[in-house]
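S.K.: need a structure here:
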Amino acid sequence: MQATLLSVSIAIILALLAALVGPHFVDWSQYRSTFEAEATRLTGMPVRVTGAIDARLLPTPSLLLKDVEAGTGTDAPHVRARELSIEFGLGPLLRAHWRASELRLLGPELHVGLDRDGAIDWPKNAADLAPDQLSIDRFVIEGGRMVLTDAGSGGRLVLDRLSFAGEFRSLLGPAKGEGSFEAGGQSYRYALAAGRLEDEAVKLHVEVDPGDRPWTAEADGVVHFANQAPEFEGALKLARPVGVVDAAGHGVALVPWRANGHVKITAANALFDKAEFQYGPDERAIRLSGAANLKFGQDPRYDAVLSGRQLDVDALLGLPQSARRLPLAAVQELAELFTGPLKLPIPGRVGIGIDSVTLAGSPLRDVRGDLTSDAKGWDLEHFEFRAPGFTSARVSGRLGFADQGVSFHGPASIEASDPKALLAWLEGRSAAAHGPAGLLRASGELALGSDRIAIDRLKAEVDRKEFGGRLVYVYPLYRQPARLELELKAAELDLDELAVLAPAILAGSKPDFPGELLLSADIDRAILAGEILIVALAALGPIASRLGWGDRATVFYRFLSLNVAAVVGLWLWLRGRVPVTWEPSGL
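M.R.: Here you go, the predicted structure:
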């Protein structure tokens with residue numbers, strides 16, 4: 001009896017040794033066609049194995065395939081992997097259930113596309129493996145690549161360095177995992193969780209976090225597969241935190257923002273509605289609502305509408321007390337704040353309607369506009385608002401972005417029934433400013449850039465007195481001084497009123513004194529310091545003067561950044577008290 005038991009034990013030990021050692025001496029490549037045929041039957045698409053093959057029974061059943069291809073795409077196989085390794089659970093395998101304790105793909109390349117009807121371009125052959133027969137406890141992808149194509153638009157997106165680690169309860173789900181990829185030179189981290197596919201629909205939750213960009217995206221909804229055309233419907237959230245830590249470990253403060261709403265995405269377009277946008281921290285944020293339609297295809301574009309009731313720009317900017325009540329300073333800060341977010345990669349159109357915007361302590365009402373954009377900037381088809389002093393302002397033109405900063409060029413007009421109240425707001429005063437009491441109208445071609453401010457074809461009316469001309473102020477650059485070009489033409493010009501208007505409009509800015517002046521005037525009668533000057537300035541022609549304090553200078557004052565001192569200096573010169581170098585023309 002003991003001899004029999006000993007013989008059985010020896011036989012079992014030899015069998016185990018054979019199972020452990022034997023596979024090392026088996027040339028599995030001679031069974032290549034068998035492996036390929038079985039894999040083709042299970043997956044439902046042709047499978048080819050061109051590399052080495054290895055198999056084990058103990059300690060756990062495992063299979064290793066190298067250089068695997070599956071499917072027959074137009075330009076390349078649907079799936080290709082440098083290495084595929086699987087470890088199976090022995091117990092489930094004996095019960096005819098394929099349970100992989102680990103499935104690992106090294107260097108896979110996956111090609112997925114949409115045809116012209118928006119359906120997934122994937123083999124439709126039926127697989128013999130029932131989806132619920134296979135579960136994966138740990139599914140790992142390393143060094144992968146995914147190529148996404150759209151036949152309708154000709155678009156192509158490549159995800160490089162794709163990695164994933166997760167689990168699949170069955171091929172129909174549920175599943176979850178996380179990983180990373182690179183697209184367009186940018187790294188992204190992601191996490192996803194999918195429910196079970198039932199009735200051609202599956203619940204899906206996805207989070208995407210760019211590795212070195214301070215924003216996150218989160219989508220939660222249902223993916224429908226009607227006729228193999230995927231459609232997503234659910235909630236979309238985009239957000240940027242209040243601060244991040246850079247590569248050196250230093251904290252970087254940011255202006256937080258978040259946007260959320262309902263979205264429906266198909267192969268043709270993405271429709272956002274019930275959208276809400278918040279820019280800035282909760283206690284001083286501006287909030288907008290709206291809707292947008294993003295069209296895909298060969299010529300992608302968007303159409304959006306934004307609306308708001310009350311926006312407090314002063315609270316958002318948080319300017320120091322010295323500049324808080326100066327509109328120009330607030331507008332300059334606002335332009336710098338939104339230069340980055342306003343750059344959009346595809347063209348489109350935005351309609352804006354805001355009831356009230358608090359700027360420099362006063363409300364701008366009925367802010368309305370239609371804007372179109374492209375990769376280089378924005379076109380203001382029309383933009384209008386109502387300002388203090390019963391003022392109506394309208395502007396249109398081109399708003400561009402460059403490395404040097406923001407630029408604008410286009411027609412602008414303004415009409416104020418109470419110019420004193422308007423000037424008080426521009427100067428940051430609480431009480432009415434000194435200035436014209438009658439109607440104020442002005443229009444012209446406005447140009448703003450990193451190097452100059454210009455108003456061409458200026459037409460203005462102050463208290464029924466009309467004048468026109470041109471104004472150009474060029475900022476100093478390197479060793480070149482600031483330059484001022486001024487052309488005035490009027491039958492009667494009140495220089496006292498002009499001396500009030502100019503500094504009020506530029507309140508909050510600090511232009512340097514011009515080192516070069518070009519003045520051309522055609523004025524029949526001028527009023528200065530309450531006196532009527534019966535002079536024909538047109539006879540003087542253009543006056544060109546180099547302003548400075550050198551030994552040879554003949555000018556003993558500066559033409560001071562469009563303030564009262566400039567008018568006083570001009571008045572003294574007119575009365576013959578200050579010499580100036582000028583070149584007569586047409587005398």
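S.K.: tell me the strands beside the helix or strand harbouring residue 273, with direction?
M.R.: For residue 273, the host element (DSSP states H and E) is strand 269-279. Sheet pairing of strand 269-279 (DSSP bridges) gives strand 257-265 (antiparallel), strand 286-295 (antiparallel).
S.K.: measure the closest residue to residue 377 other than its chain neighbours to residue 412 for me?
M.R.: Leaving aside its chain neighbours, residue 377 sits nearest to residue 400 (3.7 Å; criterion: Cβ to Cβ, 6 or more residues apart in numbering). Every C-beta, even on glycine, is put in place using the N, C-alpha and C of the backbone. Counting by Cβ to Cβ, to the nearest Å, the gap between residue 400 and residue 412 amounts to 16 Å.
S.K.: okay, these two: which has more neighbours?
M.R.: Using other Cβ atoms under 10 Å as the criterion, residue 400 and residue 412 rank with residue 412 on top: 19 against 16.
S.K.: follow-up on the earlier one: the residue nearest to residue 377 contacts residue 380, doesn't it?
M.R.: No - with contact defined as Cβ atoms under 8 Å, residue 400 and residue 380 do not form a contacting pair (11.2 Å).
S.K.: distance to residue 183 and mean neighbour count for the strands paired with strand 269-279 - can I get that in a markdown table?
M.R.: A markdown table is the format used below for the strands paired with strand 269-279 (distance: least, Cβ to Cβ, whole Å; neighbours: other Cβ atoms under 10 Å):
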| stretch | distance to residue 183 | mean neighbour count |
| --- | --- | --- |
| strand 257-265 | 18 | 18 |
| strand 286-295 | 18 | 17 |
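S.K.: so which of the ones you listed comes closest to residue 70?
M.R.: Taking Cβ to Cβ, strand 257-265 is the member of the strands paired with strand 269-279 nearest to residue 70, at 28.3 Å.
S.K.: name the residues that touch that closest one?
M.R.: For strand 257-265, contacts defined as Cβ atoms under 8 Å, 6 or more residues apart in numbering pick out 219, 221, 231-240, 270-280.
S.K.: filter those residues down to the buried ones.
M.R.: Neighbour-count burial (16 or more other Cβ atoms under 10 Å) is assigned, among these, to 219, 221, 231-232, 234, 236, 238, 240, 270, 272, 275, 277-280.
S.K.: quick check: the two most widely separated of those residues?
M.R.: Distance extremes for the buried ones among the contacts of strand 257-265: the farthest pair is 231 and 280 at 34.4 Å, using Cβ to Cβ.
S.K.: the nearest residue to residue 152 once chain neighbours are set aside: which element?
M.R.: Leaving out its chain neighbours, the residue that sits closest to residue 152 by Cβ to Cβ, 6+ apart is residue 116, at 5.0 Å. Remark: residue 116 resides in no helix or strand, with elements defined by DSSP H and E.
S.K.: cool, residue 149 as well?
M.R.: Per DSSP H and E: residue 149 is located in strand 134-150.
S.K.: what comes up buried for that strand?
M.R.: 134-136, 139-142, 144-147, 149-150.
S.K.: looking at the residues you listed, spot the one nearest residue 441.
M.R.: Comparing the buried residues of strand 134-150 against residue 441 with Cβ to Cβ places residue 150 closest, at 53.4 Å.
S.K.: sec struct for residue 165, please.
M.R.: strand (DSSP: H, G, I helix; E, B strand; the rest coil).
S.K.: what bridges to it?
M.R.: Going by DSSP bridges, residue 165 forms beta bridges with residue 140, residue 178.
S.K.: who's in contact with it?
M.R.: With Cβ under 8 Å, 6+ apart, residue 165 has these contacts: 138-141, 177-179.
S.K.: please redo it, this time with the cut-off set to 7 Å
M.R.: 140, 177-179 (Cβ atoms under 7 Å, 6 or more residues apart in numbering).
S.K.: over to residue 309?
M.R.: Contact criterion Cβ under 7 Å, 6+ apart gives 355-356 as the residues in contact with residue 309.
S.K.: could you redo the last one with a cut-off of 6 Å?
M.R.: Residues near residue 309 by Cβ atoms under 6 Å, 6 or more residues apart in numbering: residue 355.
S.K.: pretty sure it is in a strand, no?
M.R.: Yes - assignment of residue 309 by three-state DSSP places it within a strand.
S.K.: what's the strand or helix carrying the residue nearest to residue 377 in contact with?
M.R.: Using DSSP H and E, residue 400 sits in strand 391-402. Residues outside strand 391-402 that contact it (Cβ under 6 Å, 6+ apart) are 343, 377-380, 382-387, 407-416, 422.
S.K.: just the buried ones from those residues, in PyMOL syntax?
M.R.: Here is the PyMOL command that picks out the buried ones among those, judged by 16+ other Cβ under 10 Å:
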select buried, resi 377+378+379+380+383+385+386+387+407+408+410+412+413+414+415+416+422
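S.K.: circling back: the buried residues of strand 134-150: which two are farthest apart?
M.R.: Farthest pair in these (Cβ to Cβ) is 135 and 150. Separation: 32.4 Å.
S.K.: which parts of the chain belong to which domain?
M.R.: 26-197, 300-448, 451-456+466-587 (automatic domain parsing).
S.K.: out of those, which comes closest to residue 227?
M.R.: Short answer: domain 26-197, nearest of these by Cβ to Cβ, at 6.0 Å.
S.K.: distance of the closest residue to residue 275 other than its chain neighbours from residue 276?
M.R.: Once flanking residues are discounted, residue 275 sits nearest to residue 261: 3.2 Å by Cβ to Cβ, 6+ apart. Applying Cβ to Cβ, the value for residue 261 to residue 276 is 6 Å.
S.K.: and what of residue 348?
M.R.: Applying Cβ to Cβ, the value for residue 348 to residue 276 is 19 Å.
S.K.: and if you look at residue 398?
M.R.: Distance from residue 398 to residue 276, counting by Cβ to Cβ: 30 Å.
S.K.: same question for residue 476.
M.R.: Computed as Cβ to Cβ, the residue 476 to residue 276 distance reads 45 Å.
S.K.: do the same with residue 194
M.R.: To residue 276, residue 194 is 27 Å away according to Cβ to Cβ.
S.K.: how many residues are close by the closest residue to residue 464 other than its chain neighbours?
M.R.: Counting by Cβ to Cβ, 6+ apart, residue 464 lies nearest to residue 438, which is 6.1 Å off, once chain neighbours are set aside. Residue 438: 14 surrounding residues under other Cβ under 10 Å.
S.K.: hang on, residue 438 in a strand?
M.R.: No - per three-state DSSP, residue 438 lies outside any strand segment and is coil.
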